[in-house]
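K.L.:
sequence below, structure please.
(6 chains)
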Protein chains: 4
Amino acid sequence: MTLDAERRGPVPRRGRGRPPSPGLEDRRRAQIIAAAVAVFTERGYTDATMADIARHAGIGQGTLYRYVPSKRELLDLVFDYSVEQVVGAAEPALRLDEPPRSPAELLGRFDAAVQALTELFNRRPELLALVAVEAAAMDEELKLRLLGLESTVARMAARLCEDAQDAGLLRAGADPQVCGLLVTKTLLPPGLRQVLGQLDEAGRTRYHRAILDFVRHALLVDESGAQG
Amino acid sequence: MTLDAERRGPVPRRGRGRPPSPGLEDRRRAQIIAAAVAVFTERGYTDATMADIARHAGIGQGTLYRYVPSKRELLDLVFDYSVEQVVGAAEPALRLDEPPRSPAELLGRFDAAVQALTELFNRRPELLALVAVEAAAMDEELKLRLLGLESTVARMAARLCEDAQDAGLLRAGADPQVCGLLVTKTLLPPGLRQVLGQLDEAGRTRYHRAILDFVRHALLVDESGAQG
Amino acid sequence: MTLDAERRGPVPRRGRGRPPSPGLEDRRRAQIIAAAVAVFTERGYTDATMADIARHAGIGQGTLYRYVPSKRELLDLVFDYSVEQVVGAAEPALRLDEPPRSPAELLGRFDAAVQALTELFNRRPELLALVAVEAAAMDEELKLRLLGLESTVARMAARLCEDAQDAGLLRAGADPQVCGLLVTKTLLPPGLRQVLGQLDEAGRTRYHRAILDFVRHALLVDESGAQG
Amino acid sequence: MTLDAERRGPVPRRGRGRPPSPGLEDRRRAQIIAAAVAVFTERGYTDATMADIARHAGIGQGTLYRYVPSKRELLDLVFDYSVEQVVGAAEPALRLDEPPRSPAELLGRFDAAVQALTELFNRRPELLALVAVEAAAMDEELKLRLLGLESTVARMAARLCEDAQDAGLLRAGADPQVCGLLVTKTLLPPGLRQVLGQLDEAGRTRYHRAILDFVRHALLVDESGAQG
DNA sequence: CATGAATGAGTCTTCATTCAT
DNA sequence: AATGAATGAAGACTCATTCAT
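P.N.:
As a prediction, the model looks like this:
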């Protein structure tokens, strides 16, 4: 019965043909995005050719187009991927689910996020190019998405600042929304990279401290009397 | 003088007769840059064609190439022009030649610079597009020049912070280099535009104050009387 | 057994067991031609893709190529099929095996053929597109085959005219070959369709009569009594 | 004064540059259409490449696109050109402006039109291919235009038949609209070419006479008694 | 036997740049 | 000095066909 069942009905019992190995679609797409990241980074969006990317991915151009409808949409894919990486690195470091306990601990979280992002960008410098500056085919839509990235991170920071305010950690008069935005601008590594990248270890450490110091004064209640 | 003026171009020309009106070369170039700014802004670098630009400038394509060697170099020209405008707006507001007298006065200078830049970008929004985001042909060289813009402004801010430190206006432990950089990041209107642009007048004012407050705490000695 | 199962192909197969259902090859081909007719008709030969056709037939592309060696040859198949349908509709109506008995009866046969073809084309308008106009891949060979269709019908009509001449039904001086050709041109519905299709019932009837009248005078002896 | 007028004002006094030789645009287009006719005829629309056509015209591909916006529109141009040729050949032969005087004279006009068209198609066989059969990219729009050609000729013939009816030349009961259409179908050389092209001189003459005879009986009042 | 993923040759089209006038 | 017609290299994208499963 079960045997017969296989040969009956117009049901598209796809089966006899080459079974696509299960994760194929996802694997291909990942392979393609990786190649695109590499080529876009090296040549820039405009100068990168689909042929380049296909070659880099080790597949034919036709195959490329099986998984990606156009060059432009490939850029979107790459962009989404990069944003995901960035947000995915920052979010756990900020630990948005529990309110901060002390000014120092809040500062520590920001520091952790900076560290995580710095580490990410050191490990995969291409992401920096793609997220922050590779604004090649920067049409309106993509600009919005780029701003969206900073906004996303800024929103996360703002939420944290609100919790901090509730806990009495923010200095009097500080606006948590604004603080979230400015802290993000101040701490988001893409912006810092240009400086930090050109310093030696000692210089980096000095800058790192100075930056956190800057933020502490800008944001937090003064603990110096209580603890200093 | 007129003789010298004619020395442009290699061909020795007749000394008498109507020489091309002296400023012609400069005027043409300005005309071309203006057209390029308009077209690049509207279409984006990649989609802008040299034909577009020539038409917009009211000249022939051939003429365009008499004054600009290539599309890429035209972008450089446009970029330089934009940077010049931005720096030219910020510099006088900061009054780098005289050291700041009080924390409040220093803050006032930063505020003045922000106002000047905001006004510039409101009046000529294309500049924003070109300087901040129009990264179409963003090859390595251009990226550096873009970062260079922020660096230039940041250097100016840092110089001011040094003077402030000498005058005892900076809070203890503040690093003037870092402060210059971070103040720039915090105050450079392109970055703020996304937020401010979406608020009503009241919201803008609130943000404006919060931002300056942020900077005051981050940078300056406390004048509030409690500690000063 | 499973090993042997792979041996299909040209390899001599085991005499027992379930042979592929006998008509399978033919059924598949019919299924494919039907799909091709549909897709060619809708998209035109050039814009139709083999993937379209396979999908429409509910089979894989690979399977398609088991039964049809190339897209071009598939067009031939489709064409042959269409011609077969057309000739198959006209032939019985003309009753070539028995000579016509009277001018009126001959005219009646032409009329019957027209009716049969009209009905065919009304029922399956795709055939019209394919036979008469779908000349997409119209290379020399296909053009000849298309002309051949009309020739075939014209030859049938000419044979009938010869019989009519033998029976004294043709007006004096009429050339049966030429008459066959011209009657075909005049009566073959594809040509008429453009006109008849745009008229109401009454108009169609009027045209129908006028056309037969035209043919009667062109071909036949006058039965009106005045001269006959 | 008129001389001076040319060099004043911001009026786009295009002038200093390369003056396009006056008929250039038209000449180029004609050159391109000629090349397209040749290449389309030889390869068929689909297989013809724009590179082929440019090469055949002795110009670069870019130049081709200065004068023709796309391959498809080039086909339209070619088509229009062909129709113009055909109609231009038939119209004067039919002398639509003066009513026919006798059956024989009317027949003579049809004959003249046939001769003119035959001569045209003998001299420029490509036109036949393009007008009658080269239905390559036969989308709906082009089909309509093709039908339109026959319709145009048929309308001309119908007009003539109406005049003939008014002059009492048409046989009783003949519908001039239908007669115009059928005469066109019968006489339009593209349809006849297949037969006439395959006969020797004598055969052609015989056919030619038979066809006119066919039309005379189909259309006209019987002069045989009066004159025969 | 069936399948559909993979392929890459082949096309139309654009545009920076040149140069005859 | 100015013009714009001409050029051709280059690239995104399609699809008939093959073949591993």
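K.L.:
and the longest helix that chain A contains, what does it pack onto?
P.N.:
Identified as the longest helix of chain A according to DSSP state H is helix A:140-166. Other helices and strands packing on helix A:140-166, by 3 or more C-beta pairs under 8 Å, 6 or more residues apart in numbering or on different chains; DSSP states H and E, are helix A:71-94, helix A:103-123, helix A:176-187. No exception for glycine: its C-beta is placed from N, CA and C like everyone else's.
K.L.:
in CSV: those, plus mean pLDDT and distance to chain C.
P.N.:
As requested, these are exported to CSV (pLDDT from 0 to 100; distance: least, C-beta to the nearest C-beta, whole Å):
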stretch, mean pLDDT, distance to chain C
helix A:71-94, 90, 21
helix A:103-123, 88, 42
helix A:176-187, 86, 48
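K.L.:
just name the most buried of these.
P.N.:
Ranked by mean neighbour count, the helices and strands packed on helix A:140-166 are led by helix A:176-187 with a mean of 24 (mean count of other C-beta atoms under 10 Å in any protein chain shown).
K.L.:
nearest to DNA strand E, of the helices and strands packed on helix A:140-166?
P.N.:
helix A:71-94 (13.7 Å; C-beta to the nearest atom of the strand).
K.L.:
for the residue positioned nearest the centre of chain A, list the residues it contacts.
P.N.:
Closest to where the C-alpha atoms of chain A average out (C-alpha atoms, centre = their mean) is A:Val86, at 1.8 Å. Applying C-beta atoms under 8 Å, 6 or more residues apart in numbering or on different chains, we find A:Val86 in contact with A:Leu117, A:Leu120, A:Leu127, A:Val131, A:Leu149, A:Val153.
K.L.:
quick one, the longest helix of chain A and helix A:71-94 angle?
P.N.:
Orientation of helix A:140-166 against helix A:71-94 (axes from the mean of the first three to the mean of the last three C-alpha atoms, to 10 degrees) gives an angle of 10 degrees.
K.L.:
from the chain's centre, how far out does helix A:140-166 sit?
P.N.:
12 Å (C-alpha atoms, centre = their mean, to the nearest Å).
K.L.:
now it: mean pLDDT?
P.N.:
Taken as a whole, helix A:140-166 has an average pLDDT of 80.
K.L.:
what domains does the record give for chain A?
P.N.:
Segmentation of chain A into domains, based on automatic domain parsing, reads A:23-68, A:72-222.
K.L.:
other SSEs contacting the strand or helix carrying A:Leu127?
P.N.:
Using DSSP states H and E, A:Leu127 falls within helix A:125-128. Secondary-structure packing of helix A:125-128 (3+ C-beta pairs under 8 Å, 6+ apart): helix A:24-43, helix A:71-94, helix A:103-123, helix A:189-196.
K.L.:
which of those sits closest to C:Gly23?
P.N.:
Counting by C-beta to C-beta, C:Gly23 lies closest to helix A:24-43 out of these; the figure is 36.2 Å.
K.L.:
can the closest one be found next to DNA strand E?
P.N.:
Yes: contact between helix A:24-43 and DNA strand E, assessed by C-beta under 7 Å from any atom of the strand, occurs at A:Leu24, A:Arg28.
K.L.:
kindly format the C-alpha coordinates of that helix as CSV.
P.N.:
What follows is helix A:24-43, C-alpha atoms only, in CSV (Å, rounded to 0.1, in the frame of the first residue of the first chain):
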residue,chain,number,x,y,z
LEU,A,24,22.0,23.8,-0.2
GLU,A,25,20.0,27.0,-0.7
ASP,A,26,21.3,28.5,2.6
ARG,A,27,24.8,27.3,2.0
ARG,A,28,24.9,28.8,-1.5
ARG,A,29,23.6,32.1,-0.3
ALA,A,30,26.1,32.3,2.5
GLN,A,31,28.9,31.4,0.1
ILE,A,32,27.7,34.1,-2.2
ILE,A,33,27.4,36.7,0.5
ALA,A,34,30.9,35.9,1.6
ALA,A,35,32.2,36.3,-1.9
ALA,A,36,30.3,39.6,-2.3
VAL,A,37,31.6,41.0,0.9
ALA,A,38,35.1,40.2,-0.2
VAL,A,39,34.8,41.6,-3.7
PHE,A,40,32.7,44.7,-2.7
THR,A,41,35.3,45.5,-0.1
GLU,A,42,38.2,45.1,-2.4
ARG,A,43,36.8,46.8,-5.5
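K.L.:
okay, buried residues for that helix please.
P.N.:
Neighbour-count burial for helix A:24-43 flags A:28-29, A:31-41 (criterion: 16 or more other C-beta atoms under 10 Å in any protein chain shown).
K.L.:
just name the closest of those residues to B:Ala113, please.
P.N.:
A:Thr41 (34.6 Å).
K.L.:
test my guess that the closest one contacts A:Ser82.
P.N.:
No: here A:Thr41 does not reach A:Ser82: they are 10.3 Å apart, not a contact under C-beta atoms under 8 Å.
K.L.:
between the longest helix of chain A and helix A:176-187, how many degrees?
P.N.:
Using the same axes, to 10 degrees, helix A:140-166 lies at 120 degrees relative to helix A:176-187.
K.L.:
and the angle from helix A:140-166 to helix A:103-123?
P.N.:
Helix A:140-166 runs at 150 degrees relative to helix A:103-123, counting by the same axes, to 10 degrees.
K.L.:
let's have the helices and strands packed on helix A:125-128 in a markdown table, adding distance to B:Tyr45.
P.N.:
As requested, the helices and strands packed on helix A:125-128 are exported to a markdown table (distance: least, C-beta to C-beta, whole Å):
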| stretch | distance to B:Tyr45 |
| --- | --- |
| helix A:24-43 | 15 |
| helix A:71-94 | 15 |
| helix A:103-123 | 26 |
| helix A:189-196 | 22 |
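K.L.:
and A:Ala157, how many neighbours does it have?
P.N.:
Residues within reach of A:Ala157, counting by other C-beta atoms under 10 Å in any protein chain shown, total 28.
K.L.:
ok, and the closest non-adjacent residue to it?
P.N.:
Leaving aside its sequence neighbours, A:Ala157 sits nearest to A:Gly180 (C-beta to C-beta, 6 or more residues apart in numbering or on different chains; 3.8 Å).
K.L.:
wait, what's in contact with that neighbour?
P.N.:
Contacts for A:Gly180 (C-beta under 8 Å, 6+ apart) come out as A:Ala154, A:Arg155, A:Met156, A:Ala157, A:Ala158, A:Arg159, A:Leu160, A:Cys161.
K.L.:
ok, the first one to DNA strand E distance?
P.N.:
Pointing back at A:Ala154 there. The gap separating A:Ala154 from DNA strand E is 36 Å, by C-beta to the nearest atom of the strand, to the nearest Å.
K.L.:
can I assume that residue is in contact with A:Leu187?
P.N.:
No: taking contacts as C-beta under 8 Å, A:Ala154 lies outside contact range of A:Leu187: 10.5 Å.
K.L.:
quick check: phi and psi at whichever residue of chain A sits closest to DNA strand E.
P.N.:
Minimum separation of chain A from DNA strand E (C-beta to the nearest atom of the strand) falls at A:Gly62, amounting to 1.7 Å. Dihedral angles of A:Gly62 (phi, psi; degrees, to the nearest 10) stand at phi -60, psi -40.
K.L.:
could you report the neighbour count for it?
P.N.:
Residues lying near A:Gly62 (other C-beta under 10 Å) number 8.
K.L.:
A:Cys161 too?
P.N.:
Neighbour count of A:Cys161, defined by other C-beta under 10 Å: 25.
K.L.:
distance check, the closest residue to it other than its chain neighbours against chain D.
P.N.:
Among residues not flanking A:Cys161 along the chain, A:Pro176 sits closest, at 3.7 Å (C-beta to C-beta, 6+ apart). Between A:Pro176 and chain D the computed distance is 58 Å (C-beta to the nearest C-beta, to the nearest Å).
K.L.:
so what's A:Pro176 up against?
P.N.:
A:Pro176 touches A:Ala158, A:Cys161, A:Glu162, A:Ala164, A:Gln165, A:Leu170, counting by C-beta under 8 Å, 6+ apart.
K.L.:
now tabulate these in TSV and tack on distance to A:Leu220.
P.N.:
Converted to TSV, these look like this (distance: C-beta to C-beta, whole Å):
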residue	distance to A:Leu220
A:Ala158	15
A:Cys161	10
A:Glu162	14
A:Ala164	8
A:Gln165	11
A:Leu170	7
